[in-house]
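Colleague: coordinates for the following, if possible.
(one chain, ligands or ions: 1)
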Amino acid sequence: MDQTERNKRQSIIDHCLEMNRSGLNQGTSGNISVRHEDGLLITPTSIPYESLSPEDIVFLDANAEPHGPHKPSSEWRFHKDILDARPEANSVVHAHPTYCTTLAIMGMEIPAIHYMLAVFGGPNIRLAPYAIYGSKKLSDYAVEALRDRKACLLDHHGSIAIGASLEQAMWFAVELETLARQYHGCLQLGDPPLLTDQQIQDVIDKIAGYGLSDD
Ligand SMILES: [Zn+2]
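Modeller: Below is the predicted model of the structure:
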């Protein structure tokens, strides 16, 4: 393996560790993939992040054949299907963050409670219907919920975020959990007023022109 590939593999491990340190995830329930050659690099199943080395990361080729000493994450299917469906994305971050998962259990999507929703591509973060983990059905639901969006929730499960890079996908995953936490807080006080689709569209247009900065 060359240095570039080794760096990619190490970066996956570093972000897994960061995901647990920051409280975004617990145990090994989260998983991360990064596009590589005609396939993707993905975390192996059931191995604590602390004991991972670059060789443990699994390469899944274009035919979904795993290469390496371990089995890929049980969620490899939606990682592969999302990267196949979204050529602009190069990384997928999946986790079970507390607030995202709380809303998902309650069958809720995240509506336009904050202008930062626009960063994700539209006025809501959709909830993909429930299907058992690792299934083709769950993968299909996730790809559909992610249409024109950078993230989605998974019913009774967790969240998925995508990005042009692993750093960006992780940024979306953290921002999504922040929005979920804010929405959860709003719901304690009542029925939150929402921004209109036009107000969200105005932010999308502004980001396209000026980038994301309100300072
Ligand atoms: Zn999961």
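
Colleague: only C-alpha atoms for contact and neighbour calcs from this point on.
Modeller: Fine.

Colleague: can I take it that T4 is in a strand?
Modeller: No: T4 sits outside any strand when classified using DSSP: H, G, I helix; E, B strand; the rest coil, being helix.

Colleague: what is the helix or strand of the chain with the lowest mean pLDDT packed up against?
Modeller: Within the chain, no helix or strand scores below helix 197-210, which has a mean of 92 by mean pLDDT, DSSP states H and E. Packed against helix 197-210, as judged by 3 or more CA pairs under 8 Å, 6 or more residues apart in numbering; DSSP states H and E, are no other helices or strands.

Colleague: the residue lying closest to A95 once chain neighbours are set aside: neighbour count?
Modeller: In space, and not counting its chain neighbours, A95 is closest to G30: 4.1 Å by CA to CA, 6 or more residues apart in numbering. By the criterion of other CA atoms under 10 Å, G30 has 24 neighbours.

Colleague: let me see the contact set for R126.
Modeller: E109, I110, A145, L146, A151, C152, L153 (CA atoms under 8 Å, 6 or more residues apart in numbering).

Colleague: for Y141, see how far away it is.
Modeller: Per CA to CA, to the nearest Å, R126 is found 10 Å from Y141.

Colleague: okay, how far is it across stretch 57-70, tip to tip?
Modeller: In stretch 57-70, first residue to last residue: 8 Å (CA to CA).

Colleague: buried residues in that stretch?
Modeller: By neighbour count on 16 or more other CA atoms under 10 Å, the buried set for stretch 57-70 is I57, V58, F59, L60, D61, P66, H70.

Colleague: just send these back as TSV, with secondary structure, pLDDT and distance to E177 too.
Modeller: Shown next, in TSV, are these (DSSP: H, G, I helix; E, B strand; the rest coil; pLDDT from 0 to 100; distance: CA to CA, whole Å):
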residue	secondary structure	pLDDT	distance to E177
I57	coil	97	26
V58	strand	97	27
F59	strand	98	28
L60	strand	98	28
D61	coil	97	31
P66	strand	96	31
H70	coil	95	30
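
Colleague: what's the most distant pair in the residues you listed?
Modeller: With CA to CA as the measure, no two of those lie farther apart than D61 and H70, at 14.3 Å.
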